[in-house]
Each structure stands twice: as C-alpha cells, then as structure tokens.
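Asks: just coords:
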C-alpha cells in the first residue's frame with residue numbers, strides 16, 4: 001500500500017471542504033460549515049486491482065487565525081492543492097501567501 005499526505009489550502013469560503021466531501025464521500029452539502037482549524041479525510045483507491053493507494057487529505061481553515069497551524073501539518077506532504085474562488089479576486093491574490101507558507105515550512109513536499 002502506498003500512502004500520500006495531501007494538504008488543501010486557500011482563503012475562507014473557496015470550497016476546500018466541499019471539494020473534499022465530494023471527492024471522498026461523493027456528497028455535496030450546500031450548508032457546509034467553516035472548518036475550525038484543521039479537518040482530515042482519508043480516501044483509499046484501488047489501482048488495477050493490485051495496488052492500494054491511501055490519500056490522507058488535510059483541510060486547513062482559510063481564516064488567517066488558523067494559519068499558525070499550517071507549518072505543523074505541511075511537512076511530509078506529497079502534494080498541496082491551493083484553491084481560490086474565481087469570483088473573489090482577493091482569494092486569488094492570497095495564493096501567493098499560501099505558496100510562501102509552503103516554501104518556508106516544508107522540506108519533503110514534492
């Protein structure tokens with residue numbers, strides 16, 4: 001079994017939790033509550049019936065007050081998905097801050 005740690009980050013209300021719920025649980029809830037700090041989901045995939053891949057997906061609250069938690073969770077991540085809202089320019093501009101946090105705090109991200 002292969003295991004990968006994936007972190008998902010971005011500004012508040014860009015759809016991080018909704019994306020994870022849709023991918024992991026195949027559900028969409030229009031009334032999703034904001035993530036307080038960090039949330040976690042796990043997804044197992046079977047590849048060609050002979051390989052199992054486990055994704056450990058970490059969802060970070062987008063409010064600035066939760067960003068202090070981010071450095072503790074980024075190390076060891078295999079990938080980071082940075083999300084923004086196409087209708088909110090500030091959320092796109094904020095991607096640069098998330099990239100900086102990743103660059104400053106990760107040693108093993110691919």
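Replies: Thanks, I have the structure now. As the structure is a computational prediction, the values presented were derived from the model and not from experiment.
Asks: show me where pLDDT drops low in this structure?
Replies: The chain contains residues with pLDDT under 70 at 107-110.
Asks: where do the helices sit along it?
Replies: 16-25, 70-74, 89-93, 95-105 (DSSP state H).
Asks: Can you add mean neighbour count and give these back as a markdown table?
Replies: For every residue, glycine as well, the C-beta is placed using N, CA and C. Below are the helices of the chain laid out as a markdown table (neighbours: other CB atoms under 10 Å):
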| stretch | mean neighbour count |
| --- | --- |
| helix 16-25 | 17 |
| helix 70-74 | 17 |
| helix 89-93 | 13 |
| helix 95-105 | 14 |
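Asks: mind checking which of these is nearest residue 60?
Replies: In terms of CB to CB, the element of the helices of the chain nearest to residue 60 is helix 70-74, at 5.8 Å.
Asks: now what about that closest one, what contacts it?
Replies: For helix 70-74, the surrounding residues in contact (CB atoms under 8 Å, 6 or more residues apart in numbering) are 7, 9, 38, 58, 60, 80, 101, 102, 104, 105, 106, 109.
Asks: Likewise for stretch 91-110?
Replies: Counting by CB under 8 Å, 6+ apart, 9-11, 13-14, 67, 70-71, 74-80, 82, 84-86 sit against stretch 91-110.
Asks: in the protein, which spans are strands?
Replies: According to DSSP state E, the chain carries its strands in the segments 2-10, 38-47, 51-60, 79-83.
Asks: Packing partners of the last one?
Replies: Read it as strand 79-83. strand 2-10, helix 95-105 (3 or more CB pairs under 8 Å, 6 or more residues apart in numbering; DSSP states H and E).
Asks: Sweet, I'm off.
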